[in-house]
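Novice: Can you look at this prediction? I've put the sequence above it.
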Amino acid sequence: MLLPWEYGVRNLARRPMRTALTLVALATVVMLVFVVVGFIRGLEQSLTVSGDEDVVLVYSVNSEENIENSSIAARTPSLLTASLDGAVKRFGITNVSPELYLGTRVKTDEGDGGLGLVRGVTLSTPLVRRRVKLTEGDWPGDGEVIVGRLAAAKLGSSDDAMAIGQSVEFEGRRWQISGRFAAGGAAYESEIWCKLGDFQTATKRQDLSLVAMLLSPQSSAAEVELFCKERTDLELRAIRETDYYASLQQHYKPVRLLAWFVVVLVSGAGIFAGLNMMYGAVAGRIREIATLQAVGYRRRAILISLVQEGVLLAAAGSLLSGVIALTMLNGMAVRFTMGAFTIRIDSVAILIGCGVGLLLGVLGALPPALKALRAEVATSLKAV
Amino acid sequence: MALVELRGVSKSFRKGDETITPLDNIDLDIEAGEFVSLMGPSGTGKSTLLNLVSGIDRPDSGTITVAGTEVTGLSRSKLADWRAANLGYIFQTHNLIPVLTAYENVELPTLLLKLSSTQRRQRVELALEAVGLSDRADHYPRQLSGGQEQRVGIARAIVAHPKVVVADEPTGSLDTETSEQVQGLLQRLNKELDITMLMVTHDSDVARIASRQMVLDRGKFLERESGSIGEGEIGRGGIMQVGVKESGAA
C-alpha cells in the first residue's frame, strides 16, 4: 500500500525556499535541454524538408559538397535538356532552374548585415523549387530582390530592415526588396533571391553554380547521374536533392553529437540539483521515515513516496520550461553557417525535455531515499 | 498460550571493542489484556525489547511469538504487513508526520488495512474520540500542544485495532499534568478496550498504572505486583537487593 499522495505534495512545501530554488534549477536544466534539442530538431528539419525527391542537382564535380564553390558553364541547362528528356515539361516550359549561388556580404539600410546567401534565379525556379511561396510583394524585377523568411536572421538584422521597399547592398549594388517568400522551413528561407542575369552582371560572372531539374515520374536521377559520368568533359556531377541534404546531415553529425553531449552534461548538472534537494529533504526526515516503517509501511511504499516528491518537482520544472519553450523559444531563428533555421520545439523535443526532467526527479531522489531506508529503524526512531 | 511469548531471546551490540548484551536468553509471557510496564536503568535493553516485540529489530537468538505469529521468522516486508495489522507503537517524541493533520496521522495505519472508506473514517473518528481530540482533527501537529500530540500518537497506535500496543516512554517528554492525563488515557484504553500493552518507562509513578510491573537489569527480568515498585529499586544493582521474583532462563 502506498503512502497518501498528499504526503509527497505537502512535503514539497515544507521548505519552500529550497524547493523553489530547486524548481528554478531543474527548470533551467530542462530549458537548456529544450534549447539544445530544439536546435538539433530545427537543423534536422531544415535539412530534411530542403530536399525534393523529384529534383536532381547538377553542379561541378570539382566543388565536392559545397555548391557555393561550383562553377559550371552557362550552356549547361540547354545541354542537359537537349541530351536528357527526363525533366518535366509543362505548357512548353522545361522545369529546369539555372542558378548562381553565392555567399556574399550583404548590408541593410540600417547599416547592419553580414554574410548572406544570394541566389540568382529565373522564372522557372519556382517550378522546380516547389516549396517556395511568395508570401508578400512581387517577383523581383531588375535591381530587385525577394528575401526569405529567415534572411534577416541569417544577416543578424531586424525584420523591419528586410521589409518590402527597403533595400540591401551586395556585390557593389543596391537592391530593392520587392517581396518576401517562405519555403516550408527549407534552407532557402534564409536566402536572398534576385534575377540570374542581374546577379551575373553584378558579380561579373557568366557561369552558373548549379542546375536544378524537376524530373518527370517516368525518369530517374540515375539517368542524369549516368549522363554526367559519361560526359567527363563537362566535369559535372548529379545528385538527387534529398541525397544532397542527407549528405549535409552527415556533415553536421559532429555538431549534433556535440549538442547531444551538451544535453547529457546539462542533465548531469540537473541530477546534482535534484540530489542536493532530496538529500536535504530526506536528512531532516530520518525519524519520520522510520516512524512510517514502524507503523507498517513497507520500504518500497516510502521509496515511491520520496521519488514521487522528486518527480513532482521535476514535472513542475518541466512544465514551466515547456510552456516557456513553446511560447518563447519555438520558431526562434538561429544563424548557422549553412543559413538560418528556426528552433523547433516539436513533439520529440517536448518528449525528450520532459523525459529528461522526470529522469532528473527520479535519479535525484533515489540515492537519498535509499540511504534513508537503509538506516536501522530502531536507531532512526530516536534520531533528532 | 500467551499473546506475547519470548523464548531464549538474546541481543548483543558492539560498542567499539566491547560487546554489550542487554538481553541475555530471556523469556517473557504477556497475556491478552495485560498492561505490562517495563523499567530499568538506561542501557539495560528496555527499548531493545520493545523493538524486538514490535519486529523492528531482530534478536541474535531465541523466538518471539505475538498472537500466534513467530515474528522472528518473518521477512522485512512481511514484518511490515504484520505490524500494520497487529501492532500499535506509541513513541516518546510522538513522531507525528508534520505535513499531515491529526486526522490524517491517525488514518495512516488504516490505509494499510482492507477497509472501506466509511469504515476507515469511522475508525479514525472513534480513535480521535477515544483520546478526546475530535475537535482537533483538522489541526496540524505544529498547532497542537505536546499532550495533544501524544494523544494523537495514541489514537494512531490504536486505530487499526492492534493485538498489542507498545509504548516507549509515552510520558517522557510531557509535563506532570499532561503526563497524568496520558497515563489515565492508557489505563482507560487497556481496561475499556481491553488492549494489551507493553510500556517502557523510567518513571516508577507511570509504571504503577500497569497491572504488571517488571524491571529489566543485567539481561534479566525482575517482576513485582501492581503498584509495588519503589524509586530505590530502579538502578543498576539496586533491584538485586530487594526480594523480587526473578524470571528468565539466564
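Specialist: Arrived safely, thanks for sending. It should be emphasised that the depicted structure is a prediction, and the values quoted were computed from it without experimental measurement.
Novice: Could you check the pLDDT of the residue of chain A found nearest chain B?
Specialist: Taking C-beta to the nearest C-beta, chain B has its nearest neighbour within chain A at residue A:296, 2.7 Å off. The way it works is simple: take the backbone N, C-alpha and C, and place the C-beta from them, glycine included. Here the pLDDT value assigned to residue A:296 is 93.
Novice: Check which residues of stretch A:138-145 are buried.
Specialist: Buried positions in stretch A:138-145, judged by neighbour count with 16 or more other C-beta atoms under 10 Å in any protein chain shown: A:139, A:140, A:144, A:145.
Novice: before we move on, what about stretch A:69-83?
Specialist: A:70, A:72, A:76, A:77, A:79, A:80, A:81.
Novice: Widest-spaced pair of the residues you listed?
Specialist: With C-beta to C-beta as the measure, no two of the buried residues of stretch A:69-83 lie farther apart than A:70 and A:81, at 19.0 Å.
Novice: Report the beta-bridge partners for residue 212.
Specialist: Assuming you mean chain A. Beta-bridge pairing for residue A:212 (DSSP bridges): residue A:57, residue A:97.
Novice: switch to chain B, that's the one I care about
Specialist: Assigned bridge partners for residue B:212, using DSSP bridges, are residue B:36, residue B:225.
Novice: now residue A:114
Specialist: residue A:106.
Novice: And the buried residues of stretch A:138-145, which is closest to residue A:112?
Specialist: Of all the buried residues of stretch A:138-145, residue A:112 sits closest to residue A:145, with 16.7 Å by C-beta to C-beta.
Novice: Distance to residue A:39, secondary structure and pLDDT added to the buried residues of stretch A:69-83, as JSON lines?
Specialist: Listed next are the buried residues of stretch A:69-83 as JSON lines, based on distance: C-beta to C-beta, whole Å; DSSP: H, G, I helix; E, B strand; the rest coil; pLDDT from 0 to 100:
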{"residue": "A:70", "distance to residue A:39": "28", "secondary structure": "coil", "pLDDT": "90"}
{"residue": "A:72", "distance to residue A:39": "34", "secondary structure": "strand", "pLDDT": "93"}
{"residue": "A:76", "distance to residue A:39": "37", "secondary structure": "helix", "pLDDT": "92"}
{"residue": "A:77", "distance to residue A:39": "37", "secondary structure": "helix", "pLDDT": "91"}
{"residue": "A:79", "distance to residue A:39": "41", "secondary structure": "helix", "pLDDT": "90"}
{"residue": "A:80", "distance to residue A:39": "38", "secondary structure": "helix", "pLDDT": "89"}
{"residue": "A:81", "distance to residue A:39": "41", "secondary structure": "helix", "pLDDT": "88"}
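Novice: Helices along the stretch 251-384 of chain A, start to end?
Specialist: Assigned by DSSP state H, counting those that start in this stretch, the stretch 251-384 of chain A shows helices spanning A:253-283, A:286-295, A:299-324, A:347-374, A:377-380.
Novice: ranking the ones you listed by burial, who's on top?
Specialist: Mean neighbours per residue, mean count of other C-beta atoms under 10 Å in any protein chain shown, is largest over the helices of the stretch 251-384 of chain A for helix A:286-295, with a mean of 23.
Novice: That helix - contacts with which helices or strands?
Specialist: helix A:299-324, helix A:347-374, helix A:377-380, helix B:76-86 (3 or more C-beta pairs under 8 Å, 6 or more residues apart in numbering or on different chains; DSSP states H and E).
Novice: how about these, which one is nearest residue A:53?
Specialist: helix A:347-374 (22.6 Å).
Novice: Count the neighbours of residue B:22 for me.
Specialist: The number of residues packed near residue B:22 is 21, by other C-beta atoms under 10 Å in any protein chain shown.
Novice: I meant residue B:45, not that one.
Specialist: So residue B:45, with other C-beta under 10 Å, has 26 neighbours.
Novice: quick one: it from residue B:14, how far?
Specialist: Distance of residue B:45 to residue B:14, given as C-beta to C-beta, to the nearest Å: 15 Å.
Novice: With residue A:364 instead?
Specialist: To residue B:14, residue A:364 is 35 Å away according to C-beta to C-beta.
Novice: again with residue A:208
Specialist: 89 Å.
Novice: who has more neighbours, these two?
Specialist: Just comparing residue A:208 and residue B:14: by other C-beta under 10 Å the higher neighbour count belongs to residue A:208, 25 against 8.
Novice: wait, isn't residue A:339 in contact with residue A:117?
Specialist: Yes: between residue A:339 and residue A:117 there is a contact at 5.7 Å, judged by C-beta atoms under 8 Å.
Novice: between the two, what contacts are shared?
Specialist: A:154, A:190, A:191 (C-beta atoms under 8 Å, 6 or more residues apart in numbering or on different chains).
Novice: Let me know the average pLDDT across the lengthiest helix in chain B.
Specialist: Using DSSP state H to define each element, chain B has its longest helix at helix B:176-192. For helix B:176-192, mean pLDDT rounds to 90.
Novice: Stretch B:132-147 now?
Specialist: Here the average pLDDT along stretch B:132-147 is 94.
Novice: In PDB, list the C-alpha atoms belonging to it.
Specialist: Extracted in PDB, the C-alpha atoms of stretch B:132-147 (Å, rounded to 0.1, in the frame of the first residue of the first chain):
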ATOM      1  CA  GLY B 132     -10.700  13.300  23.300                       C
ATOM      2  CA  LEU B 133      -9.400  15.100  20.200                       C
ATOM      3  CA  SER B 134     -12.300  15.000  17.800                       C
ATOM      4  CA  ASP B 135     -12.300  18.800  17.700                       C
ATOM      5  CA  ARG B 136      -8.700  18.900  16.700                       C
ATOM      6  CA  ALA B 137      -8.900  16.600  13.700                       C
ATOM      7  CA  ASP B 138      -8.000  19.200  11.200                       C
ATOM      8  CA  HIS B 139      -5.100  20.600  13.100                       C
ATOM      9  CA  TYR B 140      -1.500  20.000  12.100                       C
ATOM     10  CA  PRO B 141       0.900  18.800  14.700                       C
ATOM     11  CA  ARG B 142       2.500  22.200  15.000                       C
ATOM     12  CA  GLN B 143      -0.900  23.500  16.100                       C
ATOM     13  CA  LEU B 144      -1.200  21.000  18.900                       C
ATOM     14  CA  SER B 145       0.300  21.000  22.400                       C
ATOM     15  CA  GLY B 146       2.700  18.300  23.400                       C
ATOM     16  CA  GLY B 147       0.000  16.400  25.300                       C
END
